[in-house]
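Enquirer: Here you go, sequence then predicted model.
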Amino acid sequence: MSGAQGKAVEIKPKIKYLSASELIAQRHAEVESPRNGLKRTSIEHSAEEKEELKNAYANLRLQLSARRIERQAGRAIAIWRDDQQAAEVVRKDGKFDSFGYSQQGKLYLEYYEALFLLELNRLQLEYYEMIVSIEQAYVLLLGEEASERYNNYLVYSALSRAGYIVVRHQAGCRTPSSNVVTSEDCIWALLEASLNNKPVPLYIKVSQYYNATQERMVQLKQQIRNQTTETITDESSTNNEPSTFKFDTRKRRAKSEPTEELPSKRASTTRNSLIDNLKAETSYTKFQQTFEKLDIVQLHNEDYQCDFDTTTRNFEISFDLHLHNEGFRRSAPKTPTFSVIILQHDEPFPTHVEMLHCQRQQLQAEQRAPLLVISVSESKHIQAFLYYIS
Amino acid sequence: MEFTPNFKRKRSNFKDYIKFAPFPSNPDGQRYQGVFNGLSVEVADSKHKPIRILHDNGCYGKGSNSRGGPISGEPDETLLLGLEEACVLAYYLDILEIKDTLDKDITWQEYVKAALEYDKEFISKLAAYLYLKSKNWIIKSGIKFGGDFLIYKQGPRHFHASFLVLVHTSAYISNTHYVGKNLKGAQRVAETSDKDVLILGVNEPKDFDPALPTPAALECLTIDETVIRRFNYTSFVQSKQKQ
């Protein structure tokens, strides 16, 4: 027995395991880069400054390279497909309602979605049968070269974390359900054009009824304004819906609230001013004549083709935002709460005409969502702006 | 999302604004006498035509010895009118007569020429001024907030300004209002007193000549409005979730 004791083999594990308390401590390590002193805005190129920068970078690197400990269970598995530039989900885990898109029966994740899920430890990304680390994923998914992909990811991540469902902007024209355009369609299109500033779609414009309907509408407008009783007979509208339409008498705007500008001058204006509120004041009605005398410069009546020139930039809508409690379904998305334009660092804000142009892109898809301009600053600070245009 | 301007009332016990009109009346047909000094139009006080009346009815001008209206009580105080407001009072409302320092009448064309020398964008600003004035806004200079105009409901005594107005011509790209830093700066300043930044773009026809023959020739200009608000997307989604 004593000999056996001497031969006892001491087993040394090849891998060092962390104790339970170490695991917990490292799992929830809060990482934040140290900030001290005032913000400095210009580079001095001094030796101290270089030393300081070096230290700061080293510190950052240390913090970023710290091992992250995550639970392995509960991860979905996806494979990065270079040709698709998307990650194919091969094993789902948890809810995937608001992520990815389906193609030929397979679920794919966009690069920003894959990276976001990876960061949340909900995804294991594989590339040529190797598990991709987070650091590798940044290079693989966002590219080695500086591109807008990083900003897109940042915006996606910030908005998702804030509590929105962020999906790629749904573009593309939705064609009408029936190909036959009736005069009724023309009427609705024209009404929408004058009330909501929605451009008349091309398929309506080419309709044989369009011109007749438009003329008829102008006539009717005149008739209402002049309060004449003469009736204009029109065969196209007599057997149509408007004849049975009854005005809703309950909800009417207060008389003091100006619903339409002065008919004599503003007849052709379809858009509304944002700052007409004070026309309801008593001081306005009292001095209306004087105010009208000064009413020389008019609101710009969009002359779209004319305004749009080579200096006008084209802003792409990147994402649509939906709210969680509005029953979002990937297969049949409703009109989003917002559509997002991402403004790259140093880019001037979109102007009136550029915003109008962007709205049009959106309107063609029959999705009217307010546009949210999100700027990503040099320090990757994200800020949202809401536009209101006349 | 509907846009509604901010109207933030000031705490004041000055309730009799109803007595005042947006335009000074001119019952006897006699006009105020102003002298164009190259920077502004200066109106001297007189018993017959007190400058108080000109200021109180529509808040035109600034007292030369006061912060706002001519209230210092000093006998030599004059009312200094900005180029745009003087122009509107003189050539559109016919309340003011503008003379040069040699007591010679200044015609519309001479005035526009002189004003353009001082401010190249005078025509755009005049167009914006008229546009806002016709909508019943009280307009003051926006220089203290780094813009072109500040516009008020009823006047600075009753309300905080609702908008800080920036005016620009149709030369969009070269325009500095849309540069992120500038716009954000203007917004931060304006937000301190619940204002919005209103950008007015003045559109000129292609063959536009700034030497306008008559005051009415300004009608060839049109204006578009843009309001850009900072938006807190986090609190928005949280408020929606609570509902």
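Expert: Alright, I've got the coordinates.
Enquirer: Which helix runs longest in chain A?
Expert: helix A:47-65 (DSSP state H).
Enquirer: Pull that helix out as CSV, backbone CA atoms only.
Expert: The C-alpha trace of helix A:47-65 is given here as CSV (Å, rounded to 0.1, in the frame of the first residue of the first chain):
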residue,chain,number,x,y,z
ALA,A,47,4.8,64.8,-26.2
GLU,A,48,2.6,64.6,-23.1
GLU,A,49,-0.5,64.5,-25.3
LYS,A,50,0.9,61.7,-27.3
GLU,A,51,1.7,59.7,-24.2
GLU,A,52,-1.7,60.4,-22.8
LEU,A,53,-3.3,59.2,-26.0
LYS,A,54,-1.2,56.1,-26.1
ASN,A,55,-2.3,55.3,-22.5
ALA,A,56,-5.9,55.9,-23.4
TYR,A,57,-5.8,53.6,-26.4
ALA,A,58,-4.0,50.9,-24.3
ASN,A,59,-6.6,51.2,-21.6
LEU,A,60,-9.4,50.9,-24.1
ARG,A,61,-7.8,47.9,-25.7
LEU,A,62,-7.4,46.3,-22.3
GLN,A,63,-11.0,46.8,-21.5
LEU,A,64,-12.3,45.6,-24.9
SER,A,65,-10.1,42.5,-24.8
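Enquirer: Quick check: mean pLDDT of it?
Expert: Taken as a whole, helix A:47-65 has an average pLDDT of 87.
Enquirer: before we move on, what about stretch A:214-221?
Expert: 76.
Enquirer: Convert the C-alpha atoms of that stretch to CSV, please.
Expert: Extracted C-alpha coordinates of stretch A:214-221, given in CSV (Å, rounded to 0.1, in the frame of the first residue of the first chain):
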residue,chain,number,x,y,z
GLN,A,214,-60.0,66.9,-62.3
GLU,A,215,-62.0,69.4,-64.3
ARG,A,216,-65.2,68.4,-62.6
MET,A,217,-63.6,68.9,-59.3
VAL,A,218,-62.4,72.4,-60.1
GLN,A,219,-65.9,73.3,-61.3
LEU,A,220,-67.4,72.0,-58.1
LYS,A,221,-64.9,73.9,-56.0
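Enquirer: Give me the buried positions along it.
Expert: Under the neighbour-count criterion of 16 or more other C-beta atoms under 10 Å in any protein chain shown, stretch A:214-221 has A:214, A:216, A:217 buried. The C-beta positions use only the backbone N, C-alpha and C, and glycine is treated the same way.
Enquirer: Sitting in strands, which of the residues you listed do you find?
Expert: Counting by DSSP state E, no part of the buried residues of stretch A:214-221 is found in strands.
Enquirer: will you turn those into JSON lines that also has distance to residue B:8?
Expert: Shown next, in JSON lines, are the buried residues of stretch A:214-221 (distance: C-beta to C-beta, whole Å):
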{"residue": "A:214", "distance to residue B:8": "44"}
{"residue": "A:216", "distance to residue B:8": "47"}
{"residue": "A:217", "distance to residue B:8": "41"}
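Enquirer: In chain B, what residue spans correspond to strands?
Expert: If you assign secondary structure with DSSP E, the strands in chain B sit at B:32-36, B:41-44, B:62-63, B:78-81, B:96-99, B:138-141, B:149-152, B:163-169, B:196-203, B:222-231.
Enquirer: Okay, the most centrally placed residue in chain B and chain A: tell me how far apart.
Expert: Compute the mean C-alpha point of chain B, and by C-alpha atoms, centre = their mean the closest residue is residue B:139, 3.5 Å away. Distance of residue B:139 to chain A, computed by C-beta to the nearest C-beta, to the nearest Å: 11 Å.
Enquirer: which residues sit in contact with the nearest residue to residue B:5 once chain neighbours are set aside?
Expert: Leaving aside its sequence neighbours, residue B:5 sits nearest to residue B:162 (C-beta to C-beta, 6 or more residues apart in numbering or on different chains; 4.7 Å). Neighbour list for residue B:162: A:275, B:5, B:6, B:7, B:8, B:151, B:152, B:153, B:195, B:196 [criterion: C-beta atoms under 8 Å, 6 or more residues apart in numbering or on different chains].
Enquirer: what do you get if the cut-off is 10 Å, keeping everything else the same?
Expert: Neighbour list for residue B:162: A:275, A:277-278, B:5-8, B:137, B:150-153, B:193-196, B:198 [criterion: C-beta atoms under 10 Å, 6 or more residues apart in numbering or on different chains].
Enquirer: what packs against the longest helix of chain A?
Expert: For helix A:47-65, the elements it packs on are helix A:134-142, judged by 3 or more C-beta pairs under 10 Å, 6 or more residues apart in numbering or on different chains; DSSP states H and E.
Enquirer: Alpha carbons only: can I get the helix it packs on in PDB?
Expert: In PDB, the C-alpha atoms belonging to helix A:134-142 read as follows (Å, rounded to 0.1, in the frame of the first residue of the first chain):
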ATOM      1  CA  ILE A 134     -17.500  39.200 -31.500                       C
ATOM      2  CA  GLU A 135     -14.300  40.900 -32.600                       C
ATOM      3  CA  GLN A 136     -14.200  38.900 -35.800                       C
ATOM      4  CA  ALA A 137     -17.900  39.500 -36.300                       C
ATOM      5  CA  TYR A 138     -17.300  43.200 -36.400                       C
ATOM      6  CA  VAL A 139     -14.900  42.900 -39.200                       C
ATOM      7  CA  LEU A 140     -16.900  40.200 -41.000                       C
ATOM      8  CA  LEU A 141     -20.300  41.900 -40.800                       C
ATOM      9  CA  LEU A 142     -19.300  45.600 -41.000                       C
END
